[in-house]
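Engineer: model this:
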Amino acid sequence: MNKLTASVVGGGQGGQLSMKALESSDRFELKAAADLRPDVCERLKEKYPGILTFTNHKEMFEA
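Structural biologist: This is a model prediction of the structure:
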């Protein structure tokens, strides 16, 4: 089965719960996350190596 890719908007508590569920899933692959705060984006990159992060959801959707 091919994995579907997913992106998350928001790196707060709700977004992190979604990212954790995606990471645990065998059906989805977390590819990107967006949060307005650059420090949150840096923490997400450390926690989920290989994902792209953006400080603007529009930029993420365009990419």
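Engineer: Please identify the helix or strand for the most centrally placed residue in the chain.
Structural biologist: What sits nearest the mean C-alpha location of the chain, by Cα atoms, centre = their mean, is Ala33, with 2.9 Å. Following DSSP states H and E, one finds Ala33 within strand 28-34.
Engineer: Each with direction, which strands does that strand pair with?
Structural biologist: Sheet pairing here is set by DSSP bridges, and for strand 28-34 it gives strand 4-9 (parallel), strand 52-54 (parallel).
Engineer: Convert that strand to CSV, retaining C-alpha atoms only.
Structural biologist: Provided in CSV are the C-alpha atoms of strand 28-34 (Å, rounded to 0.1, in the frame of the first residue of the first chain):
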residue,chain,number,x,y,z
PHE,A,28,0.5,8.5,6.2
GLU,A,29,3.9,10.2,5.9
LEU,A,30,4.4,13.6,7.6
LYS,A,31,6.0,15.9,5.0
ALA,A,32,5.7,19.4,6.3
ALA,A,33,4.5,21.7,9.0
ALA,A,34,3.7,25.4,9.3
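Engineer: Could you export the top helix by length along the chain as CSV, CA atoms only?
Structural biologist: Using DSSP state H to define each element, the chain has its longest helix at helix 13-24. Extracted C-alpha coordinates of helix 13-24, given in CSV (Å, rounded to 0.1, in the frame of the first residue of the first chain):
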residue,chain,number,x,y,z
GLN,A,13,-0.5,21.2,21.2
GLY,A,14,-3.2,20.2,18.6
GLY,A,15,-0.7,20.2,15.7
GLN,A,16,1.8,18.2,17.6
LEU,A,17,-0.8,15.6,18.5
SER,A,18,-1.6,15.3,14.7
MET,A,19,2.1,15.0,13.9
LYS,A,20,2.6,12.3,16.5
ALA,A,21,-0.3,10.4,15.0
LEU,A,22,1.0,10.8,11.5
GLU,A,23,4.4,9.6,12.5
SER,A,24,2.9,6.5,14.1
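Engineer: in it, what counts as buried?
Structural biologist: Gly15, Gln16, Ser18, Met19, Leu22 (16 or more other Cβ atoms under 10 Å). For glycine as for every other residue, the C-beta is placed from the backbone atoms N, C-alpha and C.
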